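1. Quick check, what structure comes out for this input:
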Amino acid sequence: MTGCRVDFHVKVLDEQVVKRAKARGLDALVYAPHFTRLPDVRERAERFSDDELSVIPAREVFTGDWQDRRHVLVLGLDDPVPDFITFEGAMAEFERQGAAVLVPHPTFLSVSFSASDVERYVDLIDAVETYNPKHLQLHNRRARRLARNHSIPEFGSSYAHLRGTVGEVWTAFDHDVTTEEALVEALRTGASRAVDHRTGVAHQLRRHAEMAHLGYENTYEKVDRLLLSGMEPTHPRHIAYEGRFDDVRVY
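-> All right, here's what the predicted structure looks like:
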C-alpha cells in the first residue's frame, strides 16, 4: 500500500458501514462512539476489521459538565478515560498516557475547543479538524485558520452518525497507517497528509441529514438518561474506573 485514506471519526459501525467504507475507497475508519468504554470499542473495532478495511478504536471524551463541555478525540489510549471529568483533568491524563489528541469540530457551537483552548494546549494537540459535514463553510474556514495560525496539522472526518455519511470525507496519507500504532505515530510526528471530501448534490444532502440529526444528539434529556441519572459505562463513578477520577469528576 503506497497511500492510505482514513475517515477519522465515525459513530456507527456494522456490516453496512464496512461495505460503504470499502465502496468509498477507504482503508481505515476511526471508530469513536458516544458513551462506550474503550474495551468495548476495541472489541467491536476488531470484529469489523479485515484485510481490506481497518477499524481503529478511539474515544471522543466529553469533558466538563453539560453547561461547559468540550469534546476531545483521542487515539492510542492504554487505559480507559471516562466522560464528564474536568477538561484539565482529561488533558493531563491524555498527556500521561502519551495518546494522540485531536480537536474535533473546533469552536463549533458549545461542544469543542475554543481558540484560547487551542492556544493553551497547542503543545499537546496533534491535529485539528478542518472539514466536517456538520460545519457550515464559515466553520471550516475558521477551523483551517485556527490550525494554520498555530501550525497544527489538519484532519477531516465524516463525523458520521448516519451510515450514509461514512466516507464523505477522508484524510489521505502517503504511507500505510492502517494500524492503531501507525496512525498514532503519524499523528504524533505530524506526518504529511491531505484532507478531501466528496462534492455535488449528494454530498450536500448528506450534510443536511447530519445537521438534522444534530439536535437529537445534543439534547439534555438524552445525556441525562444515558449518564447523569444512572451508573452508565463511561460515568466517572462507574466501578470500572476504580475511583481514579474522583478528584476531577464533575458528576
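2. check which helix or strand covers Leu101.
-> To be clear, residue 101 is Val; Leu isn't right here. strand 100-103 (DSSP states H and E).
3. Okay, now the sheet partners of that strand, with direction.
-> Sheet pairing of strand 100-103 (DSSP bridges) gives strand 68-75 (antiparallel), strand 127-131 (parallel).
4. and the ones you listed, which one is worst for confidence?
-> Sorting the strands paired with strand 100-103 by mean pLDDT places strand 68-75 lowest, at a mean of 94.
5. Show the subsequent helix or strand relative to it.
-> helix 87-97.
6. Now do the strands for this protein: every range, in order, please.
-> Along the chain, counting by DSSP state E, strands occupy 4-10, 28-31, 54-57, 59-65, 68-75, 100-103, 127-131, 154-156, 169-173, 193-197.
7. So what touches the second one?
-> When contacts are taken as C-beta atoms under 8 Å, 6 or more residues apart in numbering, the neighbours of strand 28-31 outside the stretch itself are 4-10, 13, 17, 21, 41, 44-45, 53-58, 73, 75, 157, 166, 177-178, 183. Bear in mind the C-beta positions are built from the backbone N, C-alpha and C, glycine included.
8. May I have stretch 72-81 exported as PDB, CA atoms only?
-> Taking Å, rounded to 0.1, in the frame of the first residue of the first chain, the C-alpha atoms of stretch 72-81 are listed here in PDB:
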ATOM      1  CA  VAL A  72     -11.800  15.600  22.700                       C
ATOM      2  CA  LEU A  73     -11.000  12.900  20.100                       C
ATOM      3  CA  VAL A  74      -8.200  10.600  21.500                       C
ATOM      4  CA  LEU A  75      -6.400   7.700  19.900                       C
ATOM      5  CA  GLY A  76      -3.800   5.400  21.400                       C
ATOM      6  CA  LEU A  77      -5.200   5.200  25.000                       C
ATOM      7  CA  ASP A  78      -3.800   2.400  27.100                       C
ATOM      8  CA  ASP A  79      -6.200   2.900  30.000                       C
ATOM      9  CA  PRO A  80      -9.900   3.900  29.800                       C
ATOM     10  CA  VAL A  81     -10.800   7.500  30.500                       C
END
